[in-house]
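Q: Sequence first, predicted coordinates after that:
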Amino acid sequence: MADLLPNSETSHREASELTGNSAEGEMSFLEHLGELRTRLIYSLLAIICGAFLSYFFAGEIFSFLAAPYYKAFEGKILIGTGPAEAFILKLKMALIGGCVLASPAIFYHVWKFVSPGMLESEKRFAVPFVVATTALFLAGLWFCYGVVLPFAFSFFYSQYSSIGIEPTVKISEHISFIGKALLAFAAIFELPVVSYFLARCGILSPSAMTSSFRYVVVAIFTVSAVLTPPDVLTQLLMALPLFVLYGISIVVVRFAYNKRQR
């Protein structure tokens, strides 16, 4: 009779196999999905809070984002073409401001999601990770706003002048253009940090990055074409810092990979 009843050890092992848990306390697939959902919810709430605060400064945010246009298109105006466009514009300004304000919280929850797979000695680097990723995010925004956009708008205005057309630009198109460019550059500036963690996980190695450079060239121009607005100039202005960031990432990966080997 006793042989027909499963003992507690066997039952525990069978339950672990069904849920995906191991004796070492690894998270199951469903637990990973639950954790991802939790971190996404917290990040979304942070963006909503940041957007709520930014809504009251929508006018100032718009003036800041429109400054490169007015500087290049001197004497020109931005126009609205719909009765609800001003309200939608304020919502867009609030969302952009919310993403920027919530960026430290978003990166913190990214860390909380990936930290269970790290060594105990690595889990204490939460603050350096959040500081580094936030700093790179802001650096990408600054590079786009201070370097790329003035050059791009000056080039665009010269193209209007070369064929004798007076530009009349819609507000919604301007905000879509500048929003995509800012977020795209902020995202690509995270490449060194992402490369570091991939190297610590054993996914990336310095030799793999250097030997696949020819494919990286194609990938960089493809990513630039997808992330930026559909003009060649902005794509080139994104591709150049991507090459620089890729070189920095090789150095970072070499450091992280050697540390992992030790």
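A: Arrived safely, thanks for sending.

Q: Phi and psi next, for residue 170.
A: With angles defined as degrees, to the nearest 10, residue 170 sits at phi -80, psi 140.

Q: Give me the most central residue, the protein.
A: Closest residue to the average C-alpha location of the chain: residue 187 at 3.3 Å, with C-alpha atoms, centre = their mean.

Q: Surely it touches residue 141?
A: No. Judged on C-beta atoms under 8 Å, residue 187 makes no contact with residue 141 at a distance of 10.3 Å. In this view, the C-beta of every residue, glycine as well, is placed from N, C-alpha and C.

Q: ok, back up a step: what helix or strand does the residue nearest to the centre of the chain sit in?
A: Taking DSSP states H and E as the criterion, the element that holds residue 187 is helix 171-188.

Q: helices or strands next to the helix or strand just after that helix in the packing?
A: Sequence-wise, the next helix or strand beyond helix 171-188 is helix 191-200, with elements assigned using DSSP H and E. If contacts are counted by 3 or more C-beta pairs under 8 Å, 6 or more residues apart in numbering; DSSP states H and E, helix 191-200 sits against helix 126-143, helix 232-261.

Q: Name the residues of the longest one that are buried.
A: Residues of helix 232-261 classed as buried under the neighbour-count rule (16 or more other C-beta atoms under 10 Å) are 234-235, 237-239, 241-242, 245-246, 249-250, 252-254, 256-257.

Q: and it with helix 191-200, angle?
A: In terms of direction (axes from the mean of the first three to the mean of the last three C-alpha atoms, to 10 degrees), helix 232-261 departs from helix 191-200 by 30 degrees.

Q: what sits against residue 225?
A: Counting by C-beta atoms under 8 Å, 6 or more residues apart in numbering, residue 225 touches residue 235.

Q: ok so, going back, what touches both of residue 187 and residue 141?
A: Overlap between the contact sets of residue 187 and residue 141, as judged by C-beta under 8 Å, 6+ apart, is nil.

Q: Where do the domain boundaries of the protein fall?
A: For the chain, automatic domain parsing gives the domain ranges 27-169, 190-262.

Q: The stretch 1-150 of the chain: helices as residue ranges?
A: Secondary structure of the stretch 1-150 of the chain, counting by DSSP state H, counting those that start in this stretch: helices at 8-19, 29-55, 58-72, 85-114, 126-143, 149-162.

Q: which one of those lies closest to residue 210?
A: Ranking these by their distance to residue 210 (criterion: C-beta to C-beta) puts helix 126-143 first, at 22.4 Å.

Q: Which elements pack onto that closest one?
A: Here helix 126-143 touches helix 85-114, helix 171-188, helix 191-200, going by 3+ C-beta pairs under 8 Å, 6+ apart.

Q: buried stuff in stretch 106-119?
A: Within stretch 106-119, the residues that qualify as buried by neighbour count (16+ other C-beta under 10 Å) are 106, 107, 108, 109, 110, 111, 113.

Q: Alright, that wraps it up for me.
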